[in-house]
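J.: Okay, sequence plus prediction incoming.
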Amino acid sequence: MLFWLLFVLTKVERGSSHPPCEKSYQAQWPSNGLCYTEFTQGPCPPGREISYNVFIGSGECTCVRGFLEYPQNGQCYEEFGQGPCEPGLIFVTDPQGNGTCDCRPSLKFYYHRDTRKCFPLYSRGPCELGQHLVFDYARGEPSCRCKDNHIPWSDGNCYELNTRGPCREQCESGVECLLRDLDTRTTDCQCVSQYESDGRCFQAFSQGYCPLGQWLVPSQNHSTSSLQCQVKRECKKFDNWFHDPQTKTCYRQYSQGPCPKGKLFYLDRVSGEIKCGCESTWKPYYWPGDGGCYEPKSEGPCPRGKYFHYDVGNGRTECRCFHNHVPDRKFPVCHEEFTRADCPLGLLVRAHPRTGEAVCDCSKDMIGHFWAADGRCYEHFTRGPCEKGQMFRLGWGLDSPICMFWPPSFT
């Protein structure tokens, strides 16, 4: 109690007729006697906050935390920001505790070695269009990176998604828009109906700028082609999942869903109808070999042991061997390693050390499959060299195989 009384007494404004503030976390403003919560703007101008000064016995305006006063004009500026400084300098603390403009190599978070200048982080600084300066902890220095929601382009710049970006007018109707495919995570220029008033652009029947659970649909007003947010009645949680009225089920766009092989489930962005189809322009899904469309990472049109893949680098679809599979030397198929496949009894498939192609082999270094009793190799989870009712597999905690008794159904 004594400490509290002493604290209140110290807050009585000297020579003032105003009573002291009731709350210990308040400071009294001398000109009007009013009490304000400390560290809020109170009666202070923008960039300053009121705080209690024990030496004058009342409140005063000081720069908000993280800001410094610049003696030359009395204004407050953010520390390590541009402040009142010329480009290439940043606003820092001088030895007296005041703000000053400076740049030196010891300011490692802000010093750009190539230009020998300092820039605030997350400003454009020396970077190209659409980039900003961030600190690269791996290199220990600031470097240029694309801003959030921006993607790198072939011209060295970064462009914002859902804008015209680097796209050029090539649409028969509507305008070009830089969009990211939610399924393939690839980005390209696509035709949409129009630009919004702020210059952004979106596909119809996507979430766009709508809140979760809503999507953009074309306006019913035939005099305009604008998009408006409407509640999505089904499949609300994911932007690229749509409801099939026939099966009453939600499917991901460009998945096979309820469609026949070679066709994919999709939403027609013009009509708003659910369809099964395939277009040669669907590069991540189209297979020129049979003119069909398939899901990436599915078996698709591929032969045994391969899966359907889209190579972003060359912009083509292809068939690749599954993990732990190796390509056959003669036929366009892949075999799983350490299985018998087409090998003679006692030999298993493995990758040739030089070519990586499938060869039939058995040696002691195939320790998990080699059976010393007859010098042959066997596939796991088969009977192999074991007696009836036993399974050939690795022993518990062992690198070598054993014959283990298995349920009667196994022969």
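T.: It's in.
J.: Just the element for residue 191, please.
T.: strand 187-192 (DSSP states H and E).
J.: how about that strand: buried residues?
T.: 187, 189, 190, 191, 192 (16 or more other C-beta atoms under 10 Å). C-betas here are computed from N, CA, C, even on glycine.
J.: For it, the averaged confidence score.
T.: When pLDDT is averaged along strand 187-192, the result is 86.
J.: Which secondary structure element of this structure has the lowest mean pLDDT?
T.: helix 2-10 (a mean of 41; mean pLDDT, DSSP states H and E).
J.: in this structure, which segments are predicted with low confidence?
T.: Low-confidence segments of the chain (pLDDT under 70): 1-19, 183-185, 220-225, 408-411.
J.: what do you get if the cut-off is 50, keeping everything else the same?
T.: Residue ranges of the chain with pLDDT under 50: 1-17, 222-223.
J.: For the buried residues of strand 187-192, give me TSV that also has distance to residue 214.
T.: Listed next are the buried residues of strand 187-192 as TSV, based on distance: C-beta to C-beta, whole Å:
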residue	distance to residue 214
187	24
189	26
190	21
191	23
192	18
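J.: Among the residues you listed, which one sits closest to residue 84?
T.: Nearest to residue 84 among the buried residues of strand 187-192: residue 187, at 39.4 Å, using C-beta to C-beta.
J.: is it true that that closest one touches residue 161?
T.: Yes. With contact defined as C-beta atoms under 8 Å, residue 187 reaches residue 161; the gap is 7.0 Å.
J.: Give the intersection of the neighbour lists for those two.
T.: Each of 151, 178, 179, 180 lies in contact with both residue 187 and residue 161 under the rule C-beta atoms under 8 Å, 6 or more residues apart in numbering.
J.: Test my guess that the last one contacts residue 187.
T.: Yes. Under the criterion of C-beta under 8 Å, residue 180 lies in contact with residue 187, with a separation of 4.8 Å.
J.: which neighbours do the two share?
T.: Joint contacts of residue 180 and residue 187 (C-beta under 8 Å, 6+ apart) are 151, 161.
J.: bridging residues for residue 51?
T.: residue 60 (DSSP bridges).
J.: That one: how many residues sit nearby?
T.: 19 (other C-beta atoms under 10 Å).
J.: cool, residue 248 as well?
T.: If we define neighbours as other C-beta under 10 Å, then residue 248 has 8 of them.
J.: need the contact list for it.
T.: Neighbours of residue 248 in contact, by C-beta under 8 Å, 6+ apart: none.
J.: switch the cut-off to 10 Å
T.: Residues in contact with residue 248 (C-beta atoms under 10 Å, 6 or more residues apart in numbering) are residue 234.
J.: Distance of residue 389 relative to residue 130?
T.: 68 Å (C-beta to C-beta, to the nearest Å).
J.: That's all I had, so thanks and see you.
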